[in-house]
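Asks: Structural data only, the sequence is not supplied:
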């Protein structure tokens with residue numbers, strides 16, 4: 001992207017960073033890798049932090065955001081951005097934020113159809129999928145990835161709980 005659009009960024013492969021012409025720096029980290037990587041973020045100063053694919057983080061995202069990243073953006077009164085797609089896991093900070101359960105976060109969402117830069121590509125992709133399977137729009141993975149809905153794929157669960165089959169009507 002740097003070369004293609006002639007952005008003038010200077011890469012530093014040792015630090016995994018890019019310095020922009022205005023001296024802003026973009027750092028790439030592997031904070032989800034392990035606890036030690038999380039600790040490296042504490043004590044730093046950032047104006048903006050972007051966490052991509054927030055639905056898939058294996059580390060405790062709430063712990064990361066509130067105990068490591070919030071202090072790191074405090075100096076500049078910066079912001080933390082969580083990006084991602086709904087998944088089968090309806091818990092954790094990303095789910096809670098996107099459901100409006102955590103005050104102080106601004107939530108923005110859109111479907112594949114609403115992306116003006118990808119509308120044609122997504123429409124063609126969805127038409128292809130619908131040709132193969134006209135019911136694809138009802139599939140949980142489709143609703144998650146193309147419509148941005150928190151829908152659980154019951155086939156992906158270890159225990160496929162269904163209230164009508166599993167709940168007791170009365171105490172034995």
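Replies: Perfect, thanks for sending it. Just so you know, these numbers come straight off a predicted model, no measurement behind them.

Asks: Longest helix in this structure, please.
Replies: Assignment by DSSP state H gives helix 119-132 as the longest helix of the chain.

Asks: So which elements touch it?
Replies: Helices and strands touching helix 119-132, as assessed by 3 or more Cβ pairs under 8 Å, 6 or more residues apart in numbering; DSSP states H and E, comprise helix 140-147. C-betas here are computed from N, CA, C, even on glycine.

Asks: Tell me the buried residues in the longest helix of the chain?
Replies: 122, 126 (16 or more other Cβ atoms under 10 Å).

Asks: what angle do it and helix 140-147 make?
Replies: Here helix 119-132 points in a direction 160 degrees away from that of helix 140-147 (axes from the mean of the first three to the mean of the last three Cα atoms, to 10 degrees).

Asks: what residues are up against residue 48?
Replies: 73, 78, 79, 80, 81 (Cβ atoms under 8 Å, 6 or more residues apart in numbering).

Asks: let's see it at 7 Å
Replies: Neighbouring residues of residue 48 by Cβ atoms under 7 Å, 6 or more residues apart in numbering: 78, 79, 81.

Asks: Just put the residues you listed in CSV and tack on secondary structure, pLDDT and neighbour count.
Replies: Below are the contacts of residue 48 laid out as CSV (DSSP: H, G, I helix; E, B strand; the rest coil; pLDDT from 0 to 100; neighbours: other Cβ atoms under 10 Å):
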residue, secondary structure, pLDDT, neighbour count
78, coil, 95, 15
79, strand, 96, 12
81, strand, 96, 13
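
Asks: Between these, which sits nearest residue 3?
Replies: Nearest to residue 3, judged by Cβ to Cβ, of those is residue 81 at 25.3 Å.

Asks: any idea where the helices of the protein begin and end?
Replies: 35-39, 61-63, 70-74, 93-98, 119-132, 140-147, 163-166.

Asks: and of the ones you listed, who's closest to residue 87?
Replies: Evaluated over the helices of the chain, closeness to residue 87 peaks at helix 140-147, with 6.4 Å, by Cβ to Cβ.

Asks: What lies in contact with that closest one?
Replies: With contact meaning Cβ under 7 Å, 6+ apart, helix 140-147 is reached by 85, 86, 87, 111, 112, 126, 136, 149, 151, 152, 153.

Asks: Any idea which residue is closest to the centre of this structure?
Replies: The centre of the chain sits closest to residue 84, judged by Cα atoms, centre = their mean, with a distance of 2.2 Å.

Asks: Quick check: that residue vs residue 55, distance?
Replies: Note on residue 84: its distance to residue 55, by Cβ to Cβ, to the nearest Å, is 4 Å.
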